[in-house]
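Engineer: Predicted structure and sequence below. I'll ask about it afterward.
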Amino acid sequence: MPNTAANKQIHVAVGVIYNSQGQILIARRHDDAHQGGLWEFPGGKVEQGETVCDALARELREELGIVVTPSSCTALLEIRHDYTDKVVLLDVWAVSGFEGEPIGKEGQPLRWVKPSTLREYEFPAANVAIIDVIQSA
Ligand SMILES: Nc1nc2c([nH]c(=O)n2[C@@H]2O[C@H](COP(=O)(O)OP(=O)(O)OP(=O)(O)O)[C@@H](O)[C@H]2O)c(=O)[nH]1
Ligand SMILES: [Mg+2]
């Protein structure tokens with residue numbers, strides 16, 4: 001298949017961020033974004049020349065204003081998902097240490113939730129596997 005915009009795989013760094021009470025941070029995607037209106041784990045596209053950890057730290061600084069403690073990042077899983085309009089490779093990391101208080105710097109609503117309540121929120125289809133891993137931990 002030719003490498004067109006429609007089938008090019010997008011590498012995404014995704015953070016499952018824990019606070020000291022064991023809650024996880026979720027954010028609501030803008031209505032006009034891909035998979036808009038759904039909840040997500042914060043993160044974004046890995047840029048050329050970046051490690052996934054660097055990309056995650058940059059995205060969490062840009063989107064939430066927090067500074068991730070590099071030693072607190074651990075790889076959780078990778079998910080490849082075909083949304084028809086695009087294919088994503090989600091590189092999912094747990095983040096248990098950071099400085100600052102997260103705020104929705106792009107106007108996105110944020111919520112700290114207990115892992116057991118994650119299924120009450122609507123996420124993109126690719127996230128089902130992430131929630132399975134979180135809840136089996
Ligand atoms: N951040 C994030 N993206 C996800 C999740 N699940 C999921 O399918 N995605 C998909 O991953 C892709 C890239 O994520 P993104 O939109 O956050 O990328 P970004 O921050 O670089 O955004 P930008 O393109 O506005 O600069 C989107 O197509 C999005 O739908 C998730 O839990 N978190
Ligand atoms: Mg993003």
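Structural biologist: Noted; the coordinates are in hand. Ligands and ions are numbered 1, 2, ... in the order given.
Engineer: For ligand 1, what's its nearest residue on the protein.
Structural biologist: Nearest to ligand 1, among the residues of the chain, is residue 44, at 2.4 Å (CB to the nearest ligand atom). The C-beta positions use only the backbone N, C-alpha and C, and glycine is treated the same way.
Engineer: Assumed that residue was part of a strand.
Structural biologist: Yes: under DSSP: H, G, I helix; E, B strand; the rest coil, residue 44 falls within a strand.
Engineer: and it, how many neighbours does it have?
Structural biologist: Around residue 44 there are 18 other residues, counting by other CB atoms under 10 Å.
Engineer: Please name the residues that touch it.
Structural biologist: Residues in contact with residue 44 (CB atoms under 8 Å, 6 or more residues apart in numbering) are 12-13, 55, 59, 62-63.
Engineer: mind running it again at 7 Å?
Structural biologist: Residue 44 makes contacts with 12-13, 59, as judged by CB atoms under 7 Å, 6 or more residues apart in numbering.
Engineer: Out of those residues, which are close to ligand 1?
Structural biologist: 12, 59 (CB under 6 Å from any ligand atom).
Engineer: what's next to stretch 116-129, contact-wise?
Structural biologist: Residues contacting stretch 116-129 (CB under 7 Å, 6+ apart): 26, 35, 38-40, 77, 79, 81, 88, 90, 131, 134-135.
Engineer: So among those residues, which ones count as buried?
Structural biologist: Taking 16 or more other CB atoms under 10 Å as the criterion, what is buried in these is 26, 35, 38-40, 77, 79, 81, 88, 90, 131, 134.
Engineer: Could you list the residues of this protein in contact with ligand 1?
Structural biologist: Residues of the chain lying close to ligand 1 by CB under 6 Å from any ligand atom are 10, 12, 14, 33-35, 40-45, 59, 86, 88, 90, 124, 126-127.
Engineer: This protein: strands as residue ranges?
Structural biologist: Assigned by DSSP state E, the chain shows strands spanning 9-17, 24-28, 39-40, 43-45, 67-68, 73-82, 87-95, 98-99, 110-113.
Engineer: a markdown table for the ones you listed, including mean pLDDT and distance to residue 119?
Structural biologist: Listed next are the strands of the chain as a markdown table, based on pLDDT from 0 to 100; distance: least, CB to CB, whole Å:
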| stretch | mean pLDDT | distance to residue 119 |
| --- | --- | --- |
| strand 9-17 | 98 | 15 |
| strand 24-28 | 98 | 12 |
| strand 39-40 | 98 | 11 |
| strand 43-45 | 98 | 20 |
| strand 67-68 | 98 | 26 |
| strand 73-82 | 97 | 17 |
| strand 87-95 | 98 | 17 |
| strand 98-99 | 98 | 25 |
| strand 110-113 | 98 | 10 |
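Engineer: Many thanks, have a good one.
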